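Asks: Following is a predicted model, sequence given first.
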Amino acid sequence: MFRPRRLRKNETVRRMVRETTLRPADFIYPLFVVEGKGVRKEISSMPGCFQESIDEAVKNARDAWSLGVPSVLLFGIPEHKDEVGSAAYDENGIIQRAVRELKNALPELYVITDVCLCEYTSHGHCGVVRDGDVLNDATVELLVKESLSHARAGADMVAPSDMMDGRVGAIRDALDEEGFTGVPVMSYAAKYASAFYGPFREAAESTPQFGDRRSYQMDPPNRREALREVALDIEEGADIVMVKPALAYLDIISDVRAAFDVPVAAYNVSGEYSLIKAAGKLGWVDEERVMMESLVAIKRAGADLILTYFAKDAAKALNR
Ligand code: PBG
């Protein structure tokens with residue numbers, strides 16, 4: 001008779017038959033970069049996460065690197081915002097300078113930039129707004145400029161998170177034309193209009209001033225549509241496709257993994273992080289165990305890479 005408990009008897013045998021394991025190299029660590037020097041301001045809804053000036057971000061990235069986390073994802077919070085997010089594609093903008101300094105200090109660190117306009121526009125939408133709607137093609141042109149400026153600054157990879165149609169192809173073509181054929185695109189391919197982004201919008205100061213993002217981000221009840229979105233991004237040249245959020249969308253991660261053979265990333269978003277932090281603080285759950293169980297679930301569902309604010313905490317736990 002098959003007795004499943006035989007292989008659960010002790011930690012040694014459990015370790016031997018374990019199907020999924022996490023490594024620090026699975027994680028990409030998001031950073032929020034602000035102007036100034038010596039700035040390290042904790043984000044109230046994301047304990048343990050900070051808005052940091054470039055010098056502090058370098059220290060934080062060095063910490064992550066020394067724990068075995070190979071990569072950071074950069075979000076910039078500019079001093080000045082305007083209607084068309086000019087600071088996003090300024091060659092001397094906050095991200096462009098952060099990339100240069102990070103690569104200078106830590107040449108091996110893999111620096112990924114988030115490509116979007118919402119942190120840079122006065123209205124907080126991810127593109128150019130006319131008559132209350134986000135214009136697609138005019139926005140794509142600006143995203144192309146933004147991606148090029150990141151690549152020129154030395155970004156290892158760009159990650160468009162705006163959800164405009166056709167942006168991956170346009171960014172790929174422009175990168176190739178300028179000789180950046182070796183810079184991959186990780187597309188936020190199946191990105192849902194999720195309430196789990198709440199704390200991020202405090203962190204990135206990017207809450208839309210009117211309306212919401214439902215005319216460009218995906219409708220949460222849709223599953224099949226995610227495969228069409230991902231197929232389109234791969235056709236346009238995406239090297240890595242991302243599902244976002246992660247925990248409430250494990251079925252999508254699993255579907256994407258099964259249908260395509262490119263690397264799949266999943267974004268364990270701010271709200272997912274904050275819920276665990278809050279319940280942990282209250283003593284309602286064991287924070288570390290819930291964190292590790294959540295991360296392994298994302299990997300078990302099929303993610304090769306996990307973007308997570310837990311990157312350092314999880315790497316510490318794995319290194320123990
Ligand atoms: C920018 C962007 C968002 C996130 C990543 N890139 C916010 C949004 O779409 O509103 C969310 C990340 C998180 O919640 O951790 N478009």
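Replies: Ah, there it is.

Asks: How about Y309: what's its closest non-neighbour residue?
Replies: In space, Y309 comes closest to Y273 once its chain neighbours are excluded; the distance is 4.4 Å by Cβ to Cβ, 6 or more residues apart in numbering. Backbone N, C-alpha and C define where each C-beta goes, glycine included.

Asks: so the one you found touches F310, yeah?
Replies: Yes. Using Cβ atoms under 8 Å, Y273 is in contact with F310, at 6.5 Å.

Asks: L143 - that's part of a helix, no?
Replies: Yes. Per DSSP: H, G, I helix; E, B strand; the rest coil, L143 lies within a helix segment.

Asks: OK, contacts around the one residue in the stretch 101-250 of the chain that gets nearest to the ligand?
Replies: Across the stretch 101-250 of the chain, no residue is closer to the ligand than F200, which sits at 3.1 Å (Cβ to the nearest ligand atom). If you count contacts by Cβ atoms under 8 Å, 6 or more residues apart in numbering, F200 has them with M46, S206, V269, S270, G271.

Asks: ok, now how distant is it from R228?
Replies: For F200, the distance to R228 equals 26 Å [Cβ to Cβ, to the nearest Å].

Asks: R5 too?
Replies: Distance, R5 to R228, by Cβ to Cβ: 44 Å.

Asks: before we move on, the earlier item: state the mean pLDDT of the helix or strand where the residue nearest to Y309 lies.
Replies: Element membership of Y273 [criterion: DSSP states H and E] is helix 270-281. Computed over helix 270-281, the mean pLDDT rounds to 98.

Asks: For the stretch 1-150 of the chain, which residues are neighbours of the ligand?
Replies: Residues of the stretch 1-150 of the chain lying close to the ligand by Cβ under 6 Å from any ligand atom are D114, C116, C118, C126.

Asks: shouldn't the second one be in contact with M164?
Replies: What that stands for is C116. No. Contact criterion Cβ under 8 Å: C116 and M164 do not qualify, at 9.6 Å.

Asks: Tell me which of these two has more neighbours.
Replies: The residue with more neighbours, out of C116 and M164, is C116; 28 against 23, by other Cβ atoms under 10 Å.

Asks: Tell me which of R5 and R228 has more neighbours.
Replies: For R5 versus R228, neighbours defined as other Cβ under 10 Å are more numerous around R228 (12 against 6).

Asks: That one and A189, how far apart?
Replies: Distance, R228 to A189, by Cβ to Cβ: 10 Å.

Asks: for V58, same thing?
Replies: Counting by Cβ to Cβ, the gap from V58 to A189 is 30 Å.

Asks: quick one: which of those two has more around it?
Replies: For V58 and A189, the more surrounded residue by other Cβ under 10 Å is A189, and the numbers stand at 31 against 20.

Asks: How about the secondary structure of that one?
Replies: Of the three states, A189 takes strand under three-state DSSP.

Asks: show me where the stretch 151-300 of the chain has helices.
Replies: For the stretch 151-300 of the chain, the helices defined by DSSP state H, counting those that start in this stretch occupy 167-177, 198-204, 224-236, 250-259, 270-281, 287-301.

Asks: can you pull the contacts of the nearest residue to I276 once chain neighbours are set aside?
Replies: Excluding its sequence neighbours, the residue lying closest to I276 (Cβ to Cβ, 6+ apart) is V290, at 5.2 Å. V290 makes contact with I276, A279, G280, according to Cβ under 8 Å, 6+ apart.

Asks: how about these in CSV, adding neighbour count?
Replies: As requested, these are exported to CSV (neighbours: other Cβ atoms under 10 Å):
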residue, neighbour count
I276, 21
A279, 14
G280, 17
